[in-house]
Structure formats: C-alpha cells, structure tokens
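Chemist: from the sequence below, what's the structure:
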Amino acid sequence: MLQNAFAELTTSHLIFFILAVLGVCCFEFVNGFHDTANAVATVIYTRSLKPFQAVIWSGAWNFLGVWLGGVAVAVSLINLLPISDMMAMSQWENISIVFAVLLSAIIWNLATWYLGIPCSSSHTLIGSLLGVGMGFFWTHGGNGINWGKAKDIGLSLLLSPAFGFTAVILILWIFRYVIRNKEIFKDPSQNNNQPPPWWIRSILIITCTLVSFFHGNNDGQKGIGIMLIVLLAMMPGYYALNPNSDINKLKSAVHQMKEASADYATTHEQNMYAKPLSVLDNLVIELDALNPKDKDQKLQVRKDIKIFTKSAKAMLDDQDFIPDNKKRKQFVSGLSTLKDGTDFAPVEAILLISLSLGFGTMIGWKRIVITIGEKIGKTHLTYAQGAAAELAAAATIGLSSGMGLPVSTTHVLSSGVAGSMVGMGGLKNLQRNTIATIATAWLLTLPVTFVGSLLFYYLFQLFVK
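Modeler: Model prediction:
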C-alpha cells in the first residue's frame, strides 16, 4: 500500500521525507531521555528500584502508553496549524514547515537537557508549531493559527502544574491520616541505603508505572501529531483520508446523519445550521463521485468533513437540534464514523514513535534525575513525597489525555515534587535557585521556540523561492 504514497514524491522529495521521519523519531527519542526523570527520579531516590531497572521498566511502559494511547492529543496538535491550506501547497513549502518545527524543538530540548534543566517538551513543540504557523500566515494568508485550540492547550499547560502542586499537598495530608505506618515518611538515606519495605516499594513502583504509561500516552501522541503533519503535508494524496477507511462506510455515515437531521432541516427553513447541513449535502455528492486516486477530490472531501465536524459540536449542544434521542444517537454514531476518515494515525507511525520514545527513555536520564531528586528541595525525598508526586502527576496527565489536551509531564512532576517539599516543610524547604531556573525555562520555552521556528521557516523560504 505504501508504494502508492511514495508515488507522490520525486527522488529529492523522498530524501527529505525520510529525513523528516528520522527527525520526528529524533525529537521523540530526545523527549524520552529528557523526560525519563519524571517517572524514575522518585523510585531511584527512594531506592525502590536500581537506575538500570527503573529506566528499562519506564521505557517499556512508555512504549505501551504510546501504543494504546489513541489520537485525541495528536489531533489537537494538528489542529493548531492550517493543515488543509498546507496540503494544497508545494512539497518544498511543506518541507520548510516540517524542518523549521523539528529543528527548533530538538535544539531547545537538547540544550535544556545538557544543562540539566527540567523543560517541557510540550511547550517546546507547541511554541515551534505556533511560530511556523504564524510564518505561514504572514507569508500566504489563509486561515492561520487555530487560536481557539491554542487557547485550550495554553490553559492546559498553564493550569496543570498548579493542579499537580496543589494535589500533592492534599495527597500528603491524606497519607498522614490514613497510613498508620509512619515509615513511609522516613528519609531513605536513614535506611542504610537499603530498599524500602515491600509495601512502600510496591506503591512507588506502581506510581512510577502509571506516570510512565501516561507520559507515553500524552507525550507519545505529540510525536504522533508531528508525524501526522509530515505525512499529511508531504503525502496529501495518500493520507488526506484514512487509507484504511471504507468509503462505503463514510457514505453510509453521511446518509445516516442526513436522515437523522431531516426533520430539523425541513421544519426550520431559515435555520442557523443551514450552512453545515449544506456541507453534509455536498459530502453526499463528493463521496459518490470520489476517485480514491484523485488527490484534489480527496482534499476537498477532507476539507468538508473537517468543516462539518467542527460545526457538529455546536449543533449537538443545542437541544432543539434533533430532540429525539434515538435520532440523536444515530447522528452521533454517523459523526464518529465520519471523523475516523480524517482523525487517524497509521500503525507504522504509532510503532515508530513508540519505539523512539521507549528507547529514548532508557538513555540519558541521569542529568535531570539529579535535578528532580536533589535540587528542588533542601531535604531528601521521602517515600511519601515520591508516591504523592507521582500519583498527582499520573492523575493530571491521564485526565488531560482523556480530554485530548497535551500537558507538560516535566512541569507537572517537578511542580509535584516542589509541592511535596512545601507540604512537608513549607516554602523554606525549596531550593530557590533551582525553582528560579525551572521557572525561567518555563517562561522562555514558548517564546524561544516560537521565534526559532519562525526564523528557520523564513530561512528555508529563501531556498524555496
């Protein structure tokens, strides 16, 4: 099947496509070893697992998190860019977009890793996407950045560390009143460097596992999102619609929605949903006439599906639209099938990202583990603090993934560790220099990567033109 996709590419474009795929894998590999500390710092510093055991275990669960994670976060990232406009542009234009994003994101991730600064790969990637999206808009006009989606993601990135910080303090308070055995509040260094009791060890390994899985689930989808941008931008004729979609099922879904909404369409002649319902009428015609080998037809179908599905949320929020529950369920079912035609991730993309993140997790972990484990608080991380920080991180990341929102695993966990230090000893228990460094990286990442990808984009435009 893939030979049909490669048919769109000339030899030079194919070389750049391979380099782009390797670049995405490189970003996710760096993401893996940059963010490993988020899961393994607590089990290493509480001596629940040896470093080698911890990173292998974490890598395996990161792999599974990506593999089983779905595509909601990936689709959110894609929707930041005017992907429909990009798919109609030349291959060289899209190559400049892809490499501007990748270079900006990878360079900043490597720089902060080298300095041992916990920095958000999510901020890095989103800043790069926004920068290149702005450059595309200033150069070509069109739809530009999806600021509504950017706002949702921005709030998620802003609020998740605050939630993690607060949640850890609450969890520690619960621990004090629920857990009778106070050994969980001991400093591991006072245990003659021996592993903790089996029950404490079990709790910490479980929390490490949860953070690793949800890190793969959320951060892995970011890698899938960039990979999808590469595939959609450079092979639009093949990936404009899900290659595994059954066109007849898409047709059936459209007819199903038309039938469910027919009463509303006929009884509300000047209805507010006339425009999206007319798009549904167009899809009936377009799908009936669709030639799977015709790139322009596939792009038009994709564009109309995206227009309709974006409007469908507002339509379904209106109780006057299809008040009959049976017909409403029929409409929702058809909408879900229709979305599968555009919101998808190929198995080969998921596998590449799973492997890249999993192997990256097993390498280069030590620099940031030291920062998380030793430099955020003035006291050694206790068993209770490690478990509370990771429970809060796993819950925050898991909820965000379920809502299709990317969050910073790094900032959620580092803020959780900071919260645990405050919960045990107040603000005076924090190392201010480290907190200031992390906060500075948090503030700088978005603007630096925004400007970086924007400059790379304009640099590449000199060659494109």
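Chemist: show me the domain layout of this protein.
Modeler: By the assignment in automatic domain parsing, the chain contains the domains 2-238+344-464, 245-339.
Chemist: from the chain's centroid, how far away is the first one?
Modeler: Offset of domain 2-238+344-464 from its chain centre (Cα atoms, centre = their mean, to the nearest Å): 8 Å.
Chemist: do me a favour and average the pLDDT over that domain.
Modeler: Averaged over domain 2-238+344-464, pLDDT sits at 80.
Chemist: try the shortest one
Modeler: When the per-residue pLDDT values of domain 245-339 are averaged, the result is 85.
Chemist: how long is it end to end?
Modeler: End-to-end distance for domain 245-339: 10 Å, by Cα to Cα, to the nearest Å.
Chemist: how far is that domain from where the chain is centred?
Modeler: With Cα atoms, centre = their mean, you get 28 Å for domain 245-339.
Chemist: about what we covered before: out of the domains of the chain, deepest packed?
Modeler: Among those, domain 2-238+344-464 has the highest mean neighbour count (mean count of other Cβ atoms under 10 Å), at a mean of 21. (C-beta placed from N, C-alpha, C; glycine too.)
Chemist: can you tell me how far the residue nearest to P195 when sequence neighbours are not counted is from P197?
Modeler: Closest residue to P195 apart from its sequence neighbours, by Cβ to Cβ, 6 or more residues apart in numbering: R47 at 5.2 Å. Distance from R47 to P197, counting by Cβ to Cβ, to the nearest Å: 11 Å.
Chemist: what's the end-to-end length of stretch 393-409?
Modeler: 7 Å.
Chemist: which residues touch that stretch?
Modeler: Applying Cβ atoms under 8 Å, 6 or more residues apart in numbering, the contact partners of stretch 393-409 are 35, 38, 69-70, 72-73, 75-77, 120-123, 125-126, 152-153, 156-157, 160-161, 163-164, 167, 207, 210-211, 213-215, 217-219, 221-222, 412-413, 416.
Chemist: let's see it at 6 Å
Modeler: By Cβ atoms under 6 Å, 6 or more residues apart in numbering, the residues outside stretch 393-409 that reach it are 35, 38, 72-73, 76, 120, 122, 156-157, 160, 163-164, 210-211, 214-215, 217-219, 222, 412-413, 416.
Chemist: would you map the helices across the stretch 151-300 of the chain?
Modeler: Here the stretch 151-300 of the chain has its helices, by DSSP state H, counting those that start in this stretch, at 198-234, 236-239, 247-267, 274-289, 295-317.
Chemist: measure G358 to V101 for me?
Modeler: Distance, G358 to V101, by Cβ to Cβ: 23 Å.
Chemist: how about I206?
Modeler: 36 Å.
Chemist: same check, this time on D318
Modeler: D318 is 37 Å from V101, by Cβ to Cβ.
Chemist: what of V284?
Modeler: Taken as Cβ to Cβ, the span from V284 to V101 is 36 Å.
Chemist: go on, N109?
Modeler: In terms of Cβ to Cβ, N109 sits 12 Å off from V101.
Chemist: same check on H123?
Modeler: Distance, H123 to V101, by Cβ to Cβ: 14 Å.
Chemist: could you do L81 as well?
Modeler: In this view, L81 and V101 are 9 Å apart by Cβ to Cβ.
Chemist: do the same with K303
Modeler: 22 Å.
Chemist: kindly report the same for V332.
Modeler: 34 Å.
Chemist: helix or strand for L444, which one?
Modeler: Here L444, judged by DSSP states H and E, is contained in helix 432-464.
Chemist: just checking, what packs against that helix?
Modeler: When contacts are defined as 3 or more Cβ pairs under 6 Å, 6 or more residues apart in numbering; DSSP states H and E, helix 432-464 sits against helix 91-114, helix 121-140.
Chemist: could those helices go into JSON lines alongside distance to G398?
Modeler: Output for the helices and strands packed on helix 432-464, formatted as JSON lines (distance: least, Cβ to Cβ, whole Å):
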{"stretch": "helix 91-114", "distance to G398": "23"}
{"stretch": "helix 121-140", "distance to G398": "15"}
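Chemist: right, so of those helices, which gets closest to C25?
Modeler: When the helices and strands packed on helix 432-464 are compared by Cβ to Cβ, helix 91-114 sits nearest C25, at 10.2 Å.
Chemist: residues making contact with that closest one?
Modeler: Looking at what lies outside helix 91-114 - Cβ under 6 Å, 6+ apart - the contacts are 13, 16, 20, 23, 27, 30, 34, 86, 119, 124-125, 128-129, 132, 230, 233-234, 441, 449, 452-453, 456-457, 460, 464.
Chemist: what angle separates that helix from helix 198-234?
Modeler: Angle, helix 91-114 to helix 198-234, by axes from the mean of the first three to the mean of the last three Cα atoms, to 10 degrees: 160 degrees.
Chemist: so helix 91-114 versus helix 432-464, what angle?
Modeler: Using the same axes, to 10 degrees: helix 91-114 against helix 432-464 is 160 degrees.
Chemist: my read: V55 touches I363, true?
Modeler: No. V55 lies out of contact with I363 (Cβ atoms under 6 Å); the separation is 7.9 Å.
Chemist: what sits against L316?
Modeler: Taking Cβ under 6 Å, 6+ apart, one finds nothing in contact with L316.
Chemist: chain neighbours aside, what residue packs nearest to L14?
Modeler: Closest residue in space to L14, ignoring its immediate chain neighbours: F6 at 6.5 Å, by Cβ to Cβ, 6+ apart.
Chemist: what's the answer for F308, then?
Modeler: Using Cβ to Cβ, 6+ apart, the nearest residue to F308 is V279, at 4.7 Å.
Chemist: helix, strand, or coil at the nearest residue to K306 once chain neighbours are set aside?
Modeler: Distances taken as Cβ to Cβ, 6+ apart place T342 nearest to K306, at 6.1 Å, with adjacent residues excluded. At T342 the chain is in coil, as set by DSSP: H, G, I helix; E, B strand; the rest coil.
Chemist: my guess is T342 meets D304, correct?
Modeler: No. In this structure T342 lies outside contact range of D304 using Cβ under 6 Å: 10.1 Å.
Chemist: from I203, how far out is the residue sitting nearest the centre point of the chain?
Modeler: Central residue of the chain (Cα atoms, centre = their mean): K222, 3.4 Å from the mean position. According to Cβ to Cβ, K222 and I203 sit 29 Å apart.
Chemist: cool, H13 as well?
Modeler: H13 sits 52 Å away from I203, going by Cβ to Cβ.
Chemist: L125 now?
Modeler: Taken as Cβ to Cβ, the span from L125 to I203 is 32 Å.
Chemist: same question, S96
Modeler: From S96 to I203 the distance is 49 Å (Cβ to Cβ).
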